[in-house]
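A.B. asks: Show me how the following folds:
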Amino acid sequence: MSGVQAVAWTARPVGPWAVAAVVAAVVVAAVWGIPPAPADSPGFAAWLGSYDRVPSFLTWVLADATDAQFHRSALGAALMLAGAGVAHRAYRRGRRWRGFDVGCGSGLWPWLTASALLGVLAAHLLWGWVVPVTGSWQPLFVAFVSVAPAVVLCYGPGWPVALTGAALGAGVATPIALLVHNAVCVPLGLSSLVAATTGMWAGGLAGFAVCRRLPWLPPFALAPRPERDEAAVAAAERAQGAGWGLRRMLADFTEAPFHGNELAGAGLLAGLLIGYLLDPSLAVYGTGLLPQVLAAQLLTAALSVALWRRQWARRGWYPTFIPIVSVAPAAVLAAGGSATSVIAGAVAGAVVAPPLGAALGARVPAHCHPYVGYVMAMTLCGLTIVPLIGVLA
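C.D. replies: Presented below is the predicted three-dimensional model:
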C-alpha cells in the first residue's frame, strides 16, 4: 500500500481529468439502466453450504484474495496473482512494460504474497467454524490485506518473517474482525466494512507491538519515502497523462493486497468479469450487484486519481485506492444498488477518503506500517459516510 514508483510516460497533465470525464459519462449512462437485483442468491447459499468440502473450501480461501475489493471471485484472485507474478518477474529483469512496481517496489512480492496466503488459510482453519455456525459470510480475509504482508514489508524476506506475519494475521487481526462483525455490526446493522477494517488496524497495532519483542525477527527495515525536489515533482507531473491515469486506476484495484500494479489489476477485473458471466450468483456475496459495485469503483478510481494526482507527483505515492475498497462498494451495498448510491459513494469516497487516509497514515507509531492509518480511515468512513448514503439513497 505504499512505496509505489510510477514509470515515466510523457503525456499532457490534463489526461487524468479526461479519463475521469469519460468514465463518469459511461457510468452515469449505464447505471440508470441497471435494475436493482434480489438480495439473496441460491448460488451463493449453495456455496456457503459446501464450505466443509475441500474443493469449495479451497475456492473460498482463494476468493478471499479479492474480498477486500468486495468481489469474492476465485478466478479474479487467480488472474490477479498471475498478473502480479508476471509484473514481479518483469521488475526483476528491469522491463519497462512492468508498469508500477509490484509489491511497493520492494522486490518482496513473493514473500508478502506467501505470508498473506498462509495467513488467510490459517484463519480459515482456525476460525472457519464460524461460517457454518452463523450461516453467513465472515471477515476471514483480513490477514491477506493487513498484518501478514505488512510484516514482510517492514522486516524483510525469509520464512521466519513470513510465518510470523501469517500467524499474527490469523491469530490477532482475524478474531478482532470476527468479534466486531458478529457482536457489533450485525446487531447494529453497520456495514461489514467497519468490522473488517477494525480488525486490520487494531490487529496491526497489536501485531507490530508484538513484533518488537520477537527475537527471531531482524531489525525493522521500512524507511520513510524521501521527499522529492522540485525538478522531480515537475517531471512527475509531466508524466501524468491519460495513459498514466488509466494505469493508476487499474493498479489501485490491487493496492489493498500490497500489489499496486496494473497487470495485476487487469487480471483481477478480467477474472471477475469472466467469473460473473459464468455464474453471476457468486460475485459480490451473491447480491447480484456486481455491475453497480464495479461502476462505483471505476468512477471513484477515476475521480480519486484525477483529484489527487498532484499529491502523487509530490510524494511519489498517495492512497487513492482507499475509496475503491471501502466507501464506494459499501455505499452501493448499503443502499441496495441504487443509482444515487453509485454516484454519491464514488464522489464522497474520492473527495474524503484519500486525504483522511494520508493524514492518519502519517501519524501511526514509527514501528508500524502506515497501512494502519489507511484502514482507520476506512473504518471512519464506514461509520459516517456509508450509513448516511444508505439512508439518503
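A.B. asks: mind checking pLDDT for the closest residue to Leu272 other than its chain neighbours?
C.D. replies: By the measure of Cβ to Cβ, 6 or more residues apart in numbering, the closest residue to Leu272 outside its immediate chain neighbours is Gly76, 3.9 Å from it. No exception for glycine: its C-beta is placed from N, CA and C like everyone else's. The per-residue pLDDT reported for Gly76 equals 95.
A.B. asks: got it, and Pro226?
C.D. replies: Pro226 is given a pLDDT of 81.
A.B. asks: cool, and Leu153?
C.D. replies: Value listed for Leu153 in the pLDDT field: 97.
A.B. asks: What's the mean pLDDT across the one helix or strand Val293 maps to?
C.D. replies: Per DSSP states H and E: Val293 is located in helix 290-307. Averaging pLDDT along helix 290-307 yields 95.
A.B. asks: That one: how far from the chain's middle?
C.D. replies: In terms of Cα atoms, centre = their mean, to the nearest Å, the centre of helix 290-307 is found 13 Å from the chain centre.
A.B. asks: What separation do you get for Leu298 and Leu246?
C.D. replies: 11 Å (Cβ to Cβ, to the nearest Å).
A.B. asks: ditto for Ala393
C.D. replies: Ala393 is 28 Å from Leu246, by Cβ to Cβ.
A.B. asks: need the next SSE after the longest helix anywhere in the chain, C-terminal direction.
C.D. replies: Longest helix in the chain, counting residues (DSSP state H): helix 339-361. For helix 339-361, the following helix or strand on the C-terminal side (DSSP H and E) is helix 371-383.
A.B. asks: so for the helix or strand hosting Ala236, what's the average pLDDT?
C.D. replies: Element membership for Ala236, per DSSP H and E: helix 230-238. Mean pLDDT, helix 230-238: 89.
A.B. asks: Count the neighbours of the closest residue to Ala359 other than its chain neighbours for me.
C.D. replies: Using Cβ to Cβ, 6+ apart and skipping the chain neighbours, the partner closest in space to Ala359 is Gly373 (7.6 Å). Neighbour count of Gly373, defined by other Cβ atoms under 10 Å: 22.
A.B. asks: Gly373 touches Val364, doesn't it?
C.D. replies: Yes. Applying Cβ atoms under 8 Å, one finds Gly373 in contact with Val364, separated by 4.8 Å.
A.B. asks: buried residues in the helix holding Ala236?
C.D. replies: Val233, Ala236 (16 or more other Cβ atoms under 10 Å).
A.B. asks: can you list contacts of the following helix or strand past that helix?
C.D. replies: Sequence order places helix 242-252 as the next helix or strand after helix 230-238, per DSSP H and E. The contact list for helix 242-252, computed with Cβ atoms under 8 Å, 6 or more residues apart in numbering, reads 4, 6, 9, 11-12, 15-16, 18-20, 99-100, 259-262, 264-266, 269, 298, 301-302, 304-306, 309, 312, 320-321, 324.
A.B. asks: does Phe70 sit in a helix, a strand or a coil?
C.D. replies: coil (DSSP: H, G, I helix; E, B strand; the rest coil).
A.B. asks: Now it. Nearest residue, chain neighbours left out?
C.D. replies: Counting by Cβ to Cβ, 6+ apart, the residue nearest Phe70 is Pro329, at 3.9 Å.
A.B. asks: For the one you found, give its distance to Trp111.
C.D. replies: Pro329 is 29 Å from Trp111, by Cβ to Cβ.
A.B. asks: Ok, His367 next?
C.D. replies: Distance from His367 to Trp111, by Cβ to Cβ: 20 Å.
A.B. asks: These two: who's more crowded?
C.D. replies: Trp111 (23 against 13).
A.B. asks: my read: the more buried one touches Ala162, true?
C.D. replies: Yes. At 5.4 Å, Trp111 counts as touching Ala162 under the criterion of Cβ under 8 Å.
A.B. asks: Now list whatever residues contact both of these two.
C.D. replies: Shared contacts of Trp111 and Ala162, counting by Cβ under 8 Å, 6+ apart, come down to Val152.
A.B. asks: hmm, back to that, run a quick neighbour tally on the residue nearest to Leu272.
C.D. replies: Gly76: 27 neighbours (other Cβ under 10 Å).
A.B. asks: Quick check: which element contains it?
C.D. replies: Per DSSP H and E: helix 74-92 holds Gly76.
A.B. asks: again with Tyr318
C.D. replies: Counting by DSSP H and E, Tyr318 is part of no helix or strand.
A.B. asks: who are the neighbours in contact with the nearest residue to it once chain neighbours are set aside?
C.D. replies: Ranked by Cβ to Cβ, 6+ apart and with sequence neighbours excluded, the top spatial neighbour of Tyr318 is Gln311, at 4.2 Å. By Cβ under 8 Å, 6+ apart, the contact list for Gln311 reads Tyr318, Pro354, Ala358.
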